[in-house]
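Engineer: using only what follows, build the 3D model:
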Amino acid sequence: MIAIRRSAERGHFNHGWLDTFHTFSFGDYYDPKHVAFRSLRVLNEDVVAPNAGFPLHPHRDMEIITYILEGELRHGDSMGNGSVIRPGDVQRMTAGTGVRHKEYNASPADPVHLLQIWILPKKNGLTPSYEQKSFPAAEKQGHLRLVASPDGREGSVSIHQDAELYATFLAPAQTVRHALQPGRSAWVQVADGEIQLNGERLKAGDGAAVSGEKAVELSGISDAEVLVFDLA
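Structural biologist: Residues are numbered from 1 along each chain as shown. Coordinates of the predicted model:
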């Protein structure tokens, strides 16, 4: 079964400095039909204006993944980490017992476009930690590149949950396939372009819950960027 969450159906707020879409309930947006999918709790698409960002604020008991689509995001946190996150980078922060962080657009002229992802950890009270890795576009072109996993295999960042995150770039007519083990589900999020998912047409901003299927098959209709979550 495939349940599609169209881009226009998401929660949407434009605060001027931040234009944000919420796939699942978040902050002032609440939809009892869309609170989470398996361990995937938050999937926000944010566009942050130049010289703007999120001031220092706290989190706890959450695996937070930042995925940059365009532009650059400057990160700082109470663990002493400071970095700039760019397209191709994946940042993972385990909030655990508590961490404070801030994120700002690193450019004075251009917006930054990103996906902010929260995954529920396998248990609460973990020690806060941070990890950031870069994945070249060539490794994702026509291939599902593992970028986050429980064991950090294939050079992916490590997350404290039985969940895997893959990223791919697809050209028109290019196809990739990901088998789903019995009892597992997938969430597919189209970051850019247009694809077919098991025969269903999805555009940028669309997402889909995939349950009871043997595999996820993605085919490019246009040039596209897609994330696939494999979830217990």
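
Engineer: in stretch 71-78, what counts as buried?
Structural biologist: Across stretch 71-78, burial judged by 16 or more other C-beta atoms under 10 Å covers 71, 72, 73, 74, 75, 77. In short, each C-beta sits where N, CA and C put it, glycine included.

Engineer: including pLDDT, could those residues go into CSV?
Structural biologist: Shown next, in CSV, are the buried residues of stretch 71-78 (pLDDT from 0 to 100):
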residue, pLDDT
71, 97
72, 97
73, 97
74, 96
75, 94
77, 92
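
Engineer: center of the protein - which residue?
Structural biologist: Taking C-alpha atoms, centre = their mean, the centroid of the chain lies closest to residue 117, which sits 4.4 Å from it.

Engineer: how about it, what does it touch?
Structural biologist: 40, 42, 43, 44, 64, 65, 66, 67, 165 (C-beta atoms under 8 Å, 6 or more residues apart in numbering).

Engineer: contacting residues for the fourth one?
Structural biologist: Pointing back at residue 44 there. 20, 21, 22, 23, 26, 115, 116, 117 are the contacts of residue 44 under C-beta under 8 Å, 6+ apart.

Engineer: looking at neighbours, which among those is most surrounded?
Structural biologist: Highest neighbour count within the contacts of residue 44, by other C-beta atoms under 10 Å: residue 23, with 27 neighbours.

Engineer: sketch out the helices for the chain, chain order is fine.
Structural biologist: 137-140 (DSSP state H).

Engineer: ok, back up a step: show me the two of the buried residues of stretch 71-78 that sit farthest apart.
Structural biologist: Spanning the widest gap among the buried residues of stretch 71-78 are 71 and 77, at 19.8 Å by C-beta to C-beta.

Engineer: tell me how far stretch 136-155 lies from the chain's centre.
Structural biologist: Relative to the chain's own centre, stretch 136-155 is displaced by 14 Å; criterion: C-alpha atoms, centre = their mean, to the nearest Å.

Engineer: alpha carbons only: can I get that stretch in PDB?
Structural biologist: Taking Å, rounded to 0.1, in the frame of the first residue of the first chain, the C-alpha atoms of stretch 136-155 are listed here in PDB:
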ATOM      1  CA  PRO A 136      29.600  13.200  -3.400                       C
ATOM      2  CA  ALA A 137      26.800  13.500  -5.900                       C
ATOM      3  CA  ALA A 138      28.500  10.900  -8.100                       C
ATOM      4  CA  GLU A 139      27.900   8.300  -5.400                       C
ATOM      5  CA  LYS A 140      24.100   9.100  -5.500                       C
ATOM      6  CA  GLN A 141      23.600   9.400  -9.200                       C
ATOM      7  CA  GLY A 142      21.400   6.500 -10.300                       C
ATOM      8  CA  HIS A 143      22.200   4.700  -7.000                       C
ATOM      9  CA  LEU A 144      20.600   4.600  -3.600                       C
ATOM     10  CA  ARG A 145      23.500   5.800  -1.400                       C
ATOM     11  CA  LEU A 146      23.200   4.900   2.300                       C
ATOM     12  CA  VAL A 147      23.800   8.100   4.300                       C
ATOM     13  CA  ALA A 148      22.500   7.100   7.800                       C
ATOM     14  CA  SER A 149      22.200   3.700   9.500                       C
ATOM     15  CA  PRO A 150      22.300   2.100  12.900                       C
ATOM     16  CA  ASP A 151      25.800   0.700  12.400                       C
ATOM     17  CA  GLY A 152      27.400   3.500  10.300                       C
ATOM     18  CA  ARG A 153      28.200   1.000   7.600                       C
ATOM     19  CA  GLU A 154      29.400   2.100   4.100                       C
ATOM     20  CA  GLY A 155      30.600   5.300   5.700                       C
END
